[in-house]
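Asker: Here is a sequence together with a model predicted from it:
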Amino acid sequence: MKPTTKLFATVSGQATKSLRPTQMALLPPIPLYRRLFRVHRNHLPREARLLGDEYIKAEFRAHQKIDNPVHIIGFLTEWQNYAQLVEGGTWRGEKIDKQKIEKMSDQQIGQLYELMQAIRKQDLIDNDPEYDPDK
C-alpha cells in the first residue's frame with residue numbers, strides 16, 4: 001500500500017446538546033453588508049425585501065463613521081444574528097428580548113415603532129383590496 005496524503009474528518013471537541021446554530025466568526029462590515037442583501041434576496045418575499053434593503057442601507061450609512069469599538073462590535077453582531085435568523089427561517093413571529101428593548105435609546109425605539117408602522121401598513125395594502133393608502 002502506498003502512503004496517502006488524504007485527510008479524514010475527525011471529531012474535534014465535545015458535541016453540543018443545543019440545537020441553536022453555532023455563532024460564526026464576526027464578519028467585517030462590507031462582507032456582512034453583502035451577505036445581508038443576499039439573505040434578503042434568497043429568503044424574503046419581494047415587499048419585505050424592498051423594505052429590508054432600504055433599512056440595511058440606512059443603518060449602515062448611519063453607522064459608517066462610528067469609532068467606538070464596542071458599538072461597532074455590537075452593531076455587526078446584531079446584524080449577523082439577524083442574517084442567521086432570516087436564513088434559518090425562524091424570524092417570523094420572533095419577539096425582541098425585553099433586555100434589548102431596555103438597552104435601546106429613545107431614538108432606536110422610535111425607529112422600531114416606525115418600522116412596525118410601515119410593516120402594518122404594507123400588510124393592510126397586501127391583505128385588503130379596498131384599502132386606499134391615500135385616504
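Answerer: Right, received. Where do you want to start?
Asker: neighbours around residue 86, how many?
Answerer: Around residue 86 there are 20 other residues, counting by other C-beta atoms under 10 Å. Quick note: C-beta positions are derived from backbone N, CA and C, even for glycine.
Asker: And the pLDDT for it?
Answerer: pLDDT recorded at residue 86 is 91.
Asker: separation between it and residue 67?
Answerer: Between residue 86 and residue 67 the distance is 29 Å, computed by C-beta to C-beta, to the nearest Å.
Asker: now swap in residue 122 and tell me
Answerer: Counting by C-beta to C-beta, the gap from residue 122 to residue 67 is 36 Å.
Asker: Look at those two and report which has more neighbours.
Answerer: More neighbours surround residue 122 than the other of residue 122 and residue 67, with 15 against 6 (other C-beta under 10 Å).
Asker: can you tell me the helix or strand for the more buried one?
Answerer: helix 106-127 (DSSP states H and E).
Asker: Could you list the buried residues of that helix?
Answerer: Buried residues in helix 106-127, counted by 16 or more other C-beta atoms under 10 Å: residue 111.
Asker: Please compute how far it lies from its chain's middle.
Answerer: 17 Å (C-alpha atoms, centre = their mean, to the nearest Å).
Asker: for it, packing partners?
Answerer: helix 46-62 (3 or more C-beta pairs under 8 Å, 6 or more residues apart in numbering; DSSP states H and E).
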